[in-house]
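[1] show me the folded form of this:
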Amino acid sequence: MRTKAFLFLTLFFLTGSLAVNAQDIRIGYTSLEYVFEKMPESEQIKNDLQTYEKKLQDHLKEKYDEFEKKLEAYQAGANTMAESVKQTKERELQQLQMSIREFENKAQQDLQKKHAQLTDPVLDRIQDAINKVGKDKGYAYILSGEGAVLYAQNKEDDVSELVLKELGVNAPGASAPTSSPSIEK
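    The predicted structure follows:
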């Protein structure tokens, strides 16, 4: 009985001290997507990516068109071709198909690389600004508001506008997304 009482008192005091410490922790949140969209570079990045993607799609379309023409020519003359010519044309069509598949894969990888090349410097600047806001405003944690946080007691803990201010971005009339909640103390 004495042991149970001792354990109960110990747990009571531990829980009480944890609650006091938890109240000292300030947690904020931000939406990286929101901040990124407000950056002046975001529109240029979007346009550059669309231009690059269109260039890749145009090149792919040229490859498809070439394949279609050769396939139609093969189908039109297959009945009159010598067997050796027919086999050569079939190998050529197979190689073209492989070339198209390889180009599709490489184009996807190139597009991802281009995306990273354009966005990484901006994301690094945003992260630096988040770090500075967190340090300057006394936040123990700043969480991503994209679904990672389930409760927001105080709207003031949304640091998105502070991050934009730190980045020197003026977003007049803008308000951070309300779907990104926060945890407070």
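[2] hey, let's count contacts and neighbours off CA atoms from now on
    Will do.
[3] what is the burial count for residue 134?
    If you count neighbours by other CA atoms under 10 Å, residue 134 ends up with 21.
[4] tell me what the helix or strand containing it is packed against?
    With elements taken from DSSP states H and E, the one containing residue 134 is helix 83-137. The elements that helix 83-137 packs onto, with contact taken as 3 or more CA pairs under 8 Å, 6 or more residues apart in numbering; DSSP states H and E, are helix 32-38, helix 40-77, strand 141-144, helix 160-166.
[5] 7 Å - rerun?
    Where contact means 3 or more CA pairs under 7 Å, 6 or more residues apart in numbering; DSSP states H and E, helix 83-137 is packed against helix 40-77, helix 160-166.
[6] quick check: buried residues in the longest one?
    Put plainly, it is helix 40-77. Of all the residues in helix 40-77, those buried under the rule 16 or more other CA atoms under 10 Å are 42, 45, 49, 52-53, 56, 60, 63, 67, 70, 74.
[7] quick one on the thing from earlier: rank the helices and strands packed on helix 83-137 by pLDDT, which is bottom?
    Out of the helices and strands packed on helix 83-137, helix 160-166 stands lowest, with a mean of 86 (criterion: mean pLDDT).
[8] what packs against that one?
    For helix 160-166, the packing partners by 3+ CA pairs under 7 Å, 6+ apart are helix 83-137.
[9] just want the angle from the helix it packs on to helix 40-77.
    Using axes from the mean of the first three to the mean of the last three CA atoms, to 10 degrees, one finds that helix 83-137 and helix 40-77 are set 170 degrees apart in direction.
[10] distance from the chain centre to helix 83-137, please.
    Centroid separation for helix 83-137 versus its chain: 14 Å, with CA atoms, centre = their mean, to the nearest Å.
[11] picking that back up, can I get the helices and strands packed on helix 83-137 in JSON lines with distance to residue 139?
    Listed next are the helices and strands packed on helix 83-137 as JSON lines, based on distance: least, CA to CA, whole Å:
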{"stretch": "helix 40-77", "distance to residue 139": "27"}
{"stretch": "helix 160-166", "distance to residue 139": "12"}
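[12] which of those helices sits closest to residue 25?
    helix 160-166 (18.7 Å; CA to CA).
[13] what sits up against the closest one?
    Applying CA atoms under 7 Å, 6 or more residues apart in numbering, the external contacts of helix 160-166 come out as 30-31, 35, 129-130, 133, 176.
[14] can you pull out the low-pLDDT segments for this structure?
    Residues of the chain meeting the criterion pLDDT under 70: 1-23, 146-155, 171-185.
[15] 50 - rerun?
    In the predicted model, the chain carries pLDDT under 50 at residues 3-20, 150-151, 176-185.
[16] residue nearest the centroid of it?
    With distances taken as CA atoms, centre = their mean, the residue of the chain nearest its centroid is residue 33 (8.1 Å).
[17] how about residue 74: what's its closest non-neighbour residue?
    Distances taken as CA to CA, 6 or more residues apart in numbering put residue 89 closest to residue 74, at 6.9 Å, once the chain neighbours are dropped.
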